[in-house]
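Novice: generate a structure from the sequence data that follows.
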Amino acid sequence: MDELDYKVLSALRNNSRESFLSISKDFGVSEGTIRNRVKELVKRGVIEKFTIDSRHNYFAFIGLKIDSNHKIASVLKDLKKIGLKKVFEVAGKFDAIIILDFMSREDANIVIDKIRLVSGVLGTETFPILNEVF
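Specialist: The predicted model follows:
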């Protein structure tokens, strides 16, 4: 990847809806150049998917403790079945961290209850997001 690839990625991370024409003007290249760069980044797997971020009312991180008698991969696979989108295996106090993104605290509580029922989950600790700094 060269400097232009990194600039294009940065622009798309900031606003994936920004047009190729707008990006091309920002960087002084043709729209076709940007279109080809993005196509190549997708082909090479650098860009895996384009997503939609929306403004929800409830964001939280959940730390998970997983029973050492269970394989973490198996527990995480079961968590995926309940519709979680962002689950990370981590080192430290917790074995995994989940990012919740819901319309309401009530919706999040329903999912947290489901998480606690997954075999191998010993406990959870929820960290509600109070304020987005940047």
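
Novice: alpha carbons only for contacts and neighbour counts from here, please
Specialist: OK.

Novice: all helices for the chain, in order.
Specialist: Using DSSP state H, the helices of the chain run over 3-14, 20-27, 31-43, 72-81, 105-117.

Novice: and the closest residue in space to residue 82 that isn't next to it in sequence, how many residues sit next to it?
Specialist: Take residue 82 and drop its neighbours on the chain: the residue closest to it by C-alpha to C-alpha, 6 or more residues apart in numbering is residue 114, 7.4 Å away. By the criterion of other C-alpha atoms under 10 Å, residue 114 has 12 neighbours.

Novice: check residue 114 and give its pLDDT.
Specialist: Residue 114 carries a pLDDT value of 92.

Novice: any chance of the helices of the chain in JSON lines, with distance to residue 132 too?
Specialist: Output for the helices of the chain, formatted as JSON lines (distance: least, C-alpha to C-alpha, whole Å):
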{"stretch": "helix 3-14", "distance to residue 132": "15"}
{"stretch": "helix 20-27", "distance to residue 132": "26"}
{"stretch": "helix 31-43", "distance to residue 132": "29"}
{"stretch": "helix 72-81", "distance to residue 132": "26"}
{"stretch": "helix 105-117", "distance to residue 132": "17"}
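
Novice: residue 129 is nearest to which of those?
Specialist: The closest of the helices of the chain to residue 129 is helix 105-117. By C-alpha to C-alpha, the value is 11.2 Å.

Novice: list the contacts for the spatially most central residue of the chain?
Specialist: Centrality entry for the chain: nearest residue to the mean C-alpha point is residue 86, 5.0 Å, by C-alpha atoms, centre = their mean. Residue 86 makes contact with 98, 99, 100, according to C-alpha atoms under 8 Å, 6 or more residues apart in numbering.

Novice: tell me the domain ranges of the protein?
Specialist: Listed by automatic domain parsing, the domain ranges of the chain are 3-43, 58-128.

Novice: any low-confidence regions in this structure?
Specialist: Applying pLDDT under 70 to the chain flags the ranges 52-56.
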